[in-house]
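A.B. asks: With the input below, show me the fold.
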Amino acid sequence: MPNFLLNRWHGYRSVWASLLMLVLVIVLSWFNWVVGLVALCAVAVFAAILVRSELAFRRELDEYIAGLSFRIRRVEEEAVSTLPFGLVLYDNKFAIEWHNRYIAGLFGRKTLVGSPLDECFNHFQEQYKKALDARKEASRDKSAIKEVRFELQHDARTLECIVLPDERLIYVQDVTEFAGLRDRYEDERLAIGVVLLDNFDEASQGMDDQLRASLIARVATRITDWAKTYRIYVRRLSSERYLLLLNRKSLRELEQSRFVILDEVREMTADLKVPLTLSIGVGFGTETISELGELAQSSLDMALGRGGDQAAVRAEQRLSFYGGKSNAIEKRTRVRARVIAHALRDLMLDSDQVLVMGHKVPDMDVIGACIGILKAADMYEVEAYIVLDGVNPSIERMMERINNDERLSVRLITPEEALSIITERTLMVVVDTHKASMTIEPKLVERARRVVVIDHHRRGEEFINDAVLVYLEPYASSACELVTELLQYIHDKVQFTTLEATSLLAGITLDTKHFALHTGSRTFEAAGFLRRNGADTVMVQQMMKEDLAEFIAKSDIMKQARIIHEHIALAVTDAGHQVSQMLIAQVADSLLNMNNVYASFVISERMDGLIGISARSMGKMNVQVVMERLGGGGHLTNAAVQLEGNIADAEARLLDILNQMNEEEGLFE
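C.D. replies: Numbering: from 1, shown residues only. Now for the predicted structure:
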């Protein structure tokens, strides 16, 4: 029988029984009416009793159910009130409508109904919106977000809040103990570091063994004391290298101190002709010790590639730099130049052709270095080409002379032509940059099986990692200086034309500001070598001349300069006023000639619509770090960046970074 019929039968069983007996009475009356009458009376009495008992049963059942429902509701209320976590209902204005007893006990108040959530929980709405935005970014279906999790600090407790936006309901749980264990786990995670005396040979040159041993002992004592202060295990691997074992907590303290050991060692050895500097690489964030060691070594390589005297910390996906206030120490030995020259010669001989390319908007340093590599290939009869994409105003006069030279003009090709002729045996040489994204045609770097990088800029986070040969020397004045040194070792007898030698000298002259900045003894040696081999200094001046319109335009920008932070000159052009990148750089150079100016920044809109910022310094300020925070790069005394947006936003971002750096550690040494 179906369930609904059974329920109907049980609900009306007294009625059914009465009807059945009535049928029996009718049947009896058919045979004997007296017996039927008596049966009818009996049935009536029985039906009355049955109905009465049924009503009594129903009444008792209703009372039982009502009592049970009351008990259940009371237990529910008690259970909700005594849950070991909090429940909060809030309205659309983020005010508390109801909460359980846990919340009242948490805040030590009888009731919080009507109170704003921000009043009870510190910055609740701010944290909630941040967590909600993060969930929306991570979720493909932004309308299907059912809950949002985040943590808040209340007194000394850590509270986890789980918000159900649709129900306007908050679960609050005290996770202080779990957060403590989590923080302790994070603090005790292993990090590995490597410390290197990056210019020990230069600093100790000319010392006898006793003085060298004394210097090593002094530095080792200072490093050991520093390690004890920050609870670091230090192990000396050699006279110039130390191994560090530390945890995340100690690493965090080191970062807060900005790796003060860098300044301490430099100041301690300031009496030497060449102060001793350290480079530190730290790796953190992986679970295996072997990977940590690789991260530490790659971080050290990064610090050395940026000129040394700094610390590089690679923590998971973050790469941070500290220090880097001093110029890279010039290497007095040319062993590395000779080794690189021989390796480059072998690569050229094993190639079917050589393609040379520099950075976008090439300057004289790029063109001169490209011509130098072209000369090296010619000496071994290897076909070579220079990849150029148009001519910008900064190299017009140089390019006029190159285009009039029959031997050089036929070696200039466009990026499209280079892409059509590149093969698996093509050697791609990148000069004056180590970032693929900054080259004239990044696709060439991707397609080339063998890439050589020759650059003098401090190494940035982006790098052509799969290069077969890297000659990165931040101490050098220019790429032309590096190429000139290579040419002295790549062949026994190098014969330049006047234009070739002059182009290399022009690149050195440009980057050193006529040998006034960032020059070393090897810079003058390279210039002397070029001068002996036919470089024309008059032609260099003619290539670098500016016309009257350029001079007036530069003066107009300089008139808008102002002094900030006492020693920084900042010039910002008007919105919509477009100038060339070369002019922006020239103004930054000119501002350094002002008295009491240690650094200069020029902001203007470029011809391509981007906002260009050129930064220069006299060495007391690392402008590369400033430009890196904006997404650019360069050198300690010479850096730049290109931004999208408008002039006002670029100026505001630059000022914010300068203010932040001034508060952290000061802008100048």
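A.B. asks: any idea where the helices of the stretch 51-200 of the chain begin and end?
C.D. replies: 101-107, 117-120, 124-138, 176-187, 200-203 (DSSP state H, counting those that start in this stretch).
A.B. asks: Residue ranges in the stretch 551-669 of the chain under the pLDDT threshold?
C.D. replies: 669 (pLDDT under 70).
A.B. asks: where do the helices sit along it?
C.D. replies: Using DSSP H, counting those that start in this stretch, helices in the stretch 551-669 of the chain cover 581-591, 623-629, 647-664.
A.B. asks: would you turn these into JSON lines with distance to residue 276 and mean neighbour count?
C.D. replies: C-beta here means a position set from N, CA and C on the backbone, and glycine is covered the same way. Compiled in JSON lines, the helices of the stretch 551-669 of the chain are given as follows (distance: least, CB to CB, whole Å; neighbours: other CB atoms under 10 Å):
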{"stretch": "helix 581-591", "distance to residue 276": "32", "mean neighbour count": "22"}
{"stretch": "helix 623-629", "distance to residue 276": "22", "mean neighbour count": "23"}
{"stretch": "helix 647-664", "distance to residue 276": "25", "mean neighbour count": "15"}
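A.B. asks: related to what we said a few turns ago, most tightly surrounded among the helices of the stretch 51-200 of the chain?
C.D. replies: helix 200-203 (a mean of 18; mean count of other CB atoms under 10 Å).
A.B. asks: Could you export whichever helix or strand comes after that one as PDB, CA atoms only?
C.D. replies: Downstream of helix 200-203, the next assigned helix or strand under DSSP states H and E is helix 209-229. Extracted C-alpha coordinates of helix 209-229, given in PDB (Å, rounded to 0.1, in the frame of the first residue of the first chain):
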ATOM      1  CA  ASP A 209     102.700  38.100   3.000                       C
ATOM      2  CA  GLN A 210     102.600  39.500   6.600                       C
ATOM      3  CA  LEU A 211     100.400  42.400   5.700                       C
ATOM      4  CA  ARG A 212      98.100  40.200   3.500                       C
ATOM      5  CA  ALA A 213      97.700  37.800   6.400                       C
ATOM      6  CA  SER A 214      96.900  40.600   8.800                       C
ATOM      7  CA  LEU A 215      94.300  42.000   6.400                       C
ATOM      8  CA  ILE A 216      92.600  38.600   6.000                       C
ATOM      9  CA  ALA A 217      92.600  38.200   9.800                       C
ATOM     10  CA  ARG A 218      91.000  41.600  10.400                       C
ATOM     11  CA  VAL A 219      88.300  41.000   7.800                       C
ATOM     12  CA  ALA A 220      87.600  37.500   9.100                       C
ATOM     13  CA  THR A 221      87.300  38.800  12.700                       C
ATOM     14  CA  ARG A 222      84.800  41.500  11.500                       C
ATOM     15  CA  ILE A 223      82.800  39.000   9.500                       C
ATOM     16  CA  THR A 224      82.700  36.500  12.500                       C
ATOM     17  CA  ASP A 225      81.500  39.200  14.900                       C
ATOM     18  CA  TRP A 226      78.900  40.300  12.500                       C
ATOM     19  CA  ALA A 227      77.700  36.700  12.100                       C
ATOM     20  CA  LYS A 228      77.500  36.200  15.800                       C
ATOM     21  CA  THR A 229      75.400  39.300  16.200                       C
END
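A.B. asks: Please state the offset of helix 209-229 from the chain centre?
C.D. replies: Here helix 209-229 is found 35 Å from its chain centre; the criterion is CA atoms, centre = their mean, to the nearest Å.
A.B. asks: which other helices and strands contact that helix?
C.D. replies: strand 233-236, helix 261-268 (3 or more CB pairs under 8 Å, 6 or more residues apart in numbering; DSSP states H and E).
A.B. asks: Recalculate using a threshold of 6 Å.
C.D. replies: The helices and strands touching helix 209-229, judged by 3 or more CB pairs under 6 Å, 6 or more residues apart in numbering; DSSP states H and E, number zero.
A.B. asks: Could you give me the buried positions within that helix?
C.D. replies: Neighbour counts over helix 209-229 (16 or more other CB atoms under 10 Å) mark 212, 215-216, 219, 222-223, 226-227 as buried.
A.B. asks: what's the answer for stretch 85-99, then?
C.D. replies: Quick answer for stretch 85-99 (16+ other CB under 10 Å): 85-88, 90, 96, 99.
A.B. asks: Nearest to residue 553 among the residues you listed?
C.D. replies: residue 90 (60.8 Å; CB to CB).
A.B. asks: Using CSV, please lay out the buried residues of helix 209-229 together with distance to residue 284 and pLDDT.
C.D. replies: Formatted as CSV, the buried residues of helix 209-229 follow (distance: CB to CB, whole Å; pLDDT from 0 to 100):
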residue, distance to residue 284, pLDDT
212, 34, 87
215, 31, 88
216, 28, 89
219, 25, 91
222, 24, 93
223, 20, 94
226, 18, 95
227, 17, 95
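A.B. asks: Angles on the backbone of the residue nearest in space to the middle of the chain, please.
C.D. replies: Central residue of the chain (CA atoms, centre = their mean): residue 318, 5.5 Å from the mean position. Per-residue torsions, residue 318: phi -100, psi 140 (degrees, to the nearest 10).
A.B. asks: begin at 888 from here
C.D. replies: Sure, I'll start numbering at 888, so the last one becomes residue 1205.
A.B. asks: Could I get the average pLDDT for stretch 1035-1052?
C.D. replies: What stretch 1035-1052 shows for mean pLDDT is 88.
A.B. asks: which other residues reach that stretch?
C.D. replies: Stretch 1035-1052 has contacts (CB atoms under 6 Å, 6 or more residues apart in numbering) with 1008, 1014, 1018-1019, 1022, 1034, 1057-1063, 1066.
A.B. asks: and the end-to-end length of it?
C.D. replies: Using CA to CA, to the nearest Å, one end of stretch 1035-1052 lies 8 Å from the other.
A.B. asks: What residues of it count as buried?
C.D. replies: Within stretch 1035-1052, judged by 16+ other CB under 10 Å, the buried ones are 1035, 1037, 1039, 1045-1048, 1050.
A.B. asks: So residue 911 belongs to a helix, correct?
C.D. replies: Yes: the assignment for residue 911 (DSSP: H, G, I helix; E, B strand; the rest coil) places it in a helix.
A.B. asks: how many neighbours does it have?
C.D. replies: Residues within reach of residue 911, counting by other CB atoms under 10 Å, total 12.
A.B. asks: now do residue 1293
C.D. replies: There are 7 residues near residue 1293, going by other CB under 10 Å.
A.B. asks: In space, what's closest to residue 1172 - neighbours in sequence excluded?
C.D. replies: Using CB to CB, 6 or more residues apart in numbering and skipping residues adjacent in sequence, the residue nearest residue 1172 is residue 1203, 3.4 Å away.
A.B. asks: quick one: the one you found from residue 1078, how far?
C.D. replies: 11 Å (CB to CB, to the nearest Å).
A.B. asks: Contact partners for residue 985?
C.D. replies: Taking CB under 6 Å, 6+ apart as the test, what residue 985 contacts is residue 976.
A.B. asks: pLDDT value on it, please?
C.D. replies: So residue 985 comes in at 85 (pLDDT).
A.B. asks: mind giving me the domain ranges of the chain?
C.D. replies: Annotated domains of the chain cover 890-966, 973-1071, 1075-1210, 1222-1430, 1435-1551 [automatic domain parsing].
A.B. asks: out of these, deepest packed?
C.D. replies: Most buried among those, given mean count of other CB under 10 Å as the contact rule, is domain 1222-1430, at a mean of 20.
A.B. asks: and that domain, how far from the chain's centre?
C.D. replies: 31 Å.
A.B. asks: And that domain, end to end?
C.D. replies: 33 Å.
A.B. asks: Hmm, residue 1345 and residue 1361 touching each other?
C.D. replies: Yes: look at residue 1361 against residue 1345 with CB atoms under 6 Å: they come within range, at 4.8 Å.
A.B. asks: Find residues that contact each of the two.
C.D. replies: Contacts common to residue 1361 and residue 1345, judged by CB under 6 Å, 6+ apart, are residue 1194.
A.B. asks: Let's have the helices of the stretch 1438-1556 of the chain in JSON lines, adding distance to residue 1373.
C.D. replies: Output for those, formatted as JSON lines (distance: least, CB to CB, whole Å):
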{"stretch": "helix 1468-1478", "distance to residue 1373": "26"}
{"stretch": "helix 1510-1516", "distance to residue 1373": "25"}
{"stretch": "helix 1534-1551", "distance to residue 1373": "37"}
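A.B. asks: All set now, cheers.
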